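Trainee: Build me a model:
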Amino acid sequence: MLSDPLVQELLNEVVQDEENLSIVECLIDGTSTDEEIAEKTEIKLNIVRKVLYKLYDSGLASYKRSKDPETQWYTYSWKFDSNGVNTQIKEKSTDEINNLKEILEIEENNMFFVCPNGHSRFAFDQASEMGFICPECGNEIAFQENDSIINRIKEEIANYEKAYSIARTENAK
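Mentor: Below you'll find the model as predicted:
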């Protein structure tokens with residue numbers, strides 16, 4: 001699971017330090033208490049707890065609290081939630097695909113004009129309102145063929161759809 005780039009990206013966003021991925025590895029391997037994880041990874045206990053709570057807040061880990069009858073201390077047993085990972089990857093992928101599709105629709109349904117000095121890019125309506133003159137430098141803006149942009153967006157959509165479908169099938173195993 002940790003070898004999947006989408007999973008790595010998601011976990012890096014949550015734990016914010018690649019060194020802390022060993023905490024996630026311990027959870028996946030079945031190590032459940034924060035003390036055991038700190039001992040196994042040689043990461044300070046307060047950092048382990050901080051990462052565990054970040055995972056919990058992100059829906060990627062859960063815990064059960066139990067009270068030791070002798071010491072009256074609470075022990076937290078942590079568990080990694082792979083379903084949470086799949087859910088978040090699906091949501092992020094879906095959001096990104098939808099965003100790209102909106103951009104694609106704009107690109108396909110508009111003509112664009114650009115400043116020769118690279119200041120601005122305008123849809124036809126905006127360009128005509130400004131008399132096809134760049135508001136920053138006063139140069140005439142020129143038509144921009146956007147086929148390459150459209151193709152790149154379509155490629156990105158296909159890559160996200162492929163990456164998500166691969167991640168979904170691998171994580172289901």
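Trainee: make it CA atoms for all contacts and neighbour counts henceforth
Mentor: Fine.
Trainee: which residues does Gln88 contact?
Mentor: Leu10 (Cα atoms under 8 Å, 6 or more residues apart in numbering).
Trainee: Oh, that last question was meant for Val114, not what I typed.
Mentor: 120-122, 141-144.
Trainee: how about the helix or strand where Ala127 lies: buried residues?
Mentor: Assigned by DSSP states H and E, Ala127 falls within helix 124-129. Applying a neighbour-count criterion of 16 or more other Cα atoms under 10 Å, one finds Ala127 buried in helix 124-129.
Trainee: Please apply the same query to stretch 12-28.
Mentor: 14-15, 20-28.
Trainee: Domains in this structure, by residue range?
Mentor: 5-80, 84-168 (the TED database).
Trainee: residue ranges with poor pLDDT in this structure?
Mentor: Scanning the chain for pLDDT under 70 picks out 1-3, 166-173.
Trainee: Where do the strands of it begin and end?
Mentor: 61-67, 74-80, 112-114, 121-123, 142-144 (DSSP state E).
Trainee: Given the third one, what are its sheet partners and their directions?
Mentor: With DSSP bridges as the test, strand 112-114 is paired with strand 121-123 (antiparallel), strand 142-144 (antiparallel).
Trainee: Deepest-packed of those, please.
Mentor: strand 121-123 (a mean of 19; mean count of other Cα atoms under 10 Å).
Trainee: which residues are in contact with that strand?
Mentor: 110-115.
Trainee: Just the buried residues out of the residues you listed, in PyMOL syntax.
Mentor: Of the contacts of strand 121-123, the buried ones can be selected in PyMOL as follows, counting by 16+ other Cα under 10 Å:
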select buried, resi 111+112+113+114+115
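Trainee: Next, format the contacts of strand 121-123 as TSV and append distance to Gln126.
Mentor: Below are the contacts of strand 121-123 laid out as TSV (distance: Cα to Cα, whole Å):
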residue	distance to Gln126
Asn110	11
Met111	10
Phe112	9
Phe113	9
Val114	11
Cys115	13
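Trainee: With respect to Asn159, which of the contacts of strand 121-123 is nearest?
Mentor: For the contacts of strand 121-123, the residue nearest Asn159 by Cα to Cα is Asn110; the value is 24.3 Å.
Trainee: Contacts only, for the closest one.
Mentor: 123-124.
Trainee: And it, how close does it get to Phe124?
Mentor: The gap separating Asn110 from Phe124 is 7 Å, by Cα to Cα, to the nearest Å.
Trainee: which residues does Asn20 contact?
Mentor: 48, 51.
Trainee: Quick check: the closest residue to Trp73 other than its chain neighbours vs Thr33, distance?
Mentor: The shortest distance from Trp73 to any non-neighbouring residue, by Cα to Cα, 6 or more residues apart in numbering, is to Lys67 (5.6 Å). Taking Cα to Cα as the measure, Lys67 falls 13 Å from Thr33.
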